[in-house]
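**Student:** Sequence below, structure please.
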Amino acid sequence: MADKVEFELVSPEKLLISQPVRMVVVPGADGYFGVLPGHAPMIVTVKPGVIDVYAEDMNAVTGRVFVAGGFAEVTDTRCTVLAEEAVDVAALDRAAVEKQVADLSEDLAEAKGEFERKTLETRLAVAQAKLAAVGGVH
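**Tutor:** As a prediction, the model looks like this:
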């Protein structure tokens, strides 16, 4: 197993993925980073984006999962992502995500207080990242 890293993706609801993989690419707060066996230990904030999983072949993505943010812990043998929300990219409905972006944009334009505005900005950023994940523009 020295040629693989154990990848776990956990959402608040359940353990979504637990498998050995060749590589996993995670959307870190400072940019995307790849995890291979022997990676330096670190704990990083995960931003909204897509995790690409390379299970067997380093040239073929075998899984794409949208995460709305969270944390990742990396060791030389393991990558664990604790996600605020996680959904398979294939399960995202583009029309529904486009509507969500439009609705949140309208709500943001009408926001009355700083707290409401910040909350809506965060939710809009997640929705825009989802739209980017399904190939839309934002």
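**Student:** Looks like Pro12 contacts Glu84 (just checking).
**Tutor:** Yes. Pro12 lies in contact with Glu84 (CB atoms under 8 Å); the separation is 7.3 Å. All C-beta atoms are positioned from the backbone trio N, CA, C, and that covers glycine.
**Student:** Report the residue ranges of every domain in this structure.
**Tutor:** 5-89, 93-133 (automatic domain parsing).
**Student:** Single out the most deeply packed of those.
**Tutor:** domain 5-89 (a mean of 17; mean count of other CB atoms under 10 Å).
**Student:** Start and end of that one, how far apart?
**Tutor:** 22 Å (CA to CA, to the nearest Å).
**Student:** for it, the distance to its chain's centre please.
**Tutor:** Relative to its parent chain, domain 5-89 has a centroid offset of 8 Å by CA atoms, centre = their mean, to the nearest Å.
**Student:** So for the protein, the centremost residue is which one?
**Tutor:** Val67 (2.6 Å; CA atoms, centre = their mean).
**Student:** Tell me which residues touch the closest residue to it other than its chain neighbours, please.
**Tutor:** Nearest residue to Val67, sequence neighbours excluded (CB to CB, 6 or more residues apart in numbering): Ala83, at 4.2 Å. Counting by CB atoms under 8 Å, 6 or more residues apart in numbering, Ala83 touches 9-11, 16, 46, 67-70.
**Student:** how about 6 Å then?
**Tutor:** 11, 67, 70 (CB atoms under 6 Å, 6 or more residues apart in numbering).
**Student:** Over to Val53?
**Tutor:** 21, 24, 62-63.
**Student:** out of those, what pair is the most spread apart?
**Tutor:** Val24 and Thr62 (10.4 Å; CB to CB).
**Student:** Against which helices or strands is the longest helix anywhere in the chain packed?
**Tutor:** If you go by DSSP state H, the chain has its longest helix at helix 114-133. Secondary-structure packing of helix 114-133 (3 or more CB pairs under 6 Å, 6 or more residues apart in numbering; DSSP states H and E): helix 94-109.
**Student:** remind me which residues of the chain are low pLDDT?
**Tutor:** 1, 136-138 (pLDDT under 70).
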